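# next come a sequence and a model predicted from it.
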Amino acid sequence: MKESLYPAPSKDLAGTRKRLAPEIHDSFHALSQRVFADGALPAKTKQLIAVAVAHVTQCPYCIRGHIRGAIGQGASREELMEAIWVAAEMRAGAAYAHSLLAVDEADEVLSGEGT
């Protein structure tokens with residue numbers, strides 16, 4: 001049994017991925033380069049957003065990669081942790097917000113309208 005669900009990144013795996021769909025791979029790489037370049041938002045801010053999103057999507061590769069990207073753009077450990085706390089609040093906030101669906105559905109079912 002494998003030790004981890006996720007294989008360690010390697011040049012061999014990356015090369016295989018590129019070989020299997022080279023044009024799409026190159027297009028995605030170009031998109032990433034453009035998205036994370038300075039624009040209306042500075043690159044550091046974009047990387048901090050990516051750190052937060054990576055935690056919400058729970059992608060370990062993205063977490064590691066964007067932590068490195070954010071640090072490379074000058075982010076501090078405190079900024080990284082605040083971005084992660086924003087992600088945690090948003091994830092919990094979504095469950096809280098969606099509880100309105102549960103309350104509404106329960107009210108409908110219990111009133112006899114949802115049968």
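Arrived safely, thanks for sending.

# could you use CA atoms for every contact and neighbour count after this?
OK.

# which residues in this structure form helices?
For the chain, the helices defined by DSSP state H occupy 11-20, 22-35, 43-57, 60-72, 77-110.

# buried residues, the last one. List them.
Spelled out, it's helix 77-110. 80, 83, 84, 86, 87, 88, 90 (16 or more other C-alpha atoms under 10 Å).

# how about the contacts made by the last one?
I take that to be residue 90. When contacts are counted by C-alpha atoms under 8 Å, 6 or more residues apart in numbering, residue 90 touches no other residue.

# one more: the second one?
Remark: with contacts taken as C-alpha under 8 Å, 6+ apart, residue 83 is in contact with 48, 49, 51, 52.

# and the gap between the residue lying closest to the third one once chain neighbours are set aside and residue 20?
In space, residue 51 comes closest to residue 66 once its chain neighbours are excluded; the distance is 5.5 Å by C-alpha to C-alpha, 6 or more residues apart in numbering. From residue 66 over to residue 20 the distance is 25 Å, taken as C-alpha to C-alpha, to the nearest Å.

# nearest to residue 5, of the helices of the chain?
With C-alpha to C-alpha, the closest approach to residue 5 among the helices of the chain belongs to helix 60-72: 10.6 Å.

# residues in contact with the closest one?
Applying C-alpha under 8 Å, 6+ apart, the external contacts of helix 60-72 come out as 44, 47, 48, 50, 51, 54, 55, 80.

# what does the pLDDT read for residue 5?
Per-residue confidence for residue 5 comes out at a pLDDT of 87.

# now for it, how many residues are close by?
7 (other C-alpha atoms under 10 Å).

# got it, and the one 4 residues further on?
Neighbouring residues of residue 9 were enumerated by other C-alpha under 10 Å; the total is 9.

# nearest the middle, which residue of this protein would you pick?
In the chain, the C-alpha nearest the mean C-alpha coordinate belongs to residue 54, at 2.4 Å (C-alpha atoms, centre = their mean).
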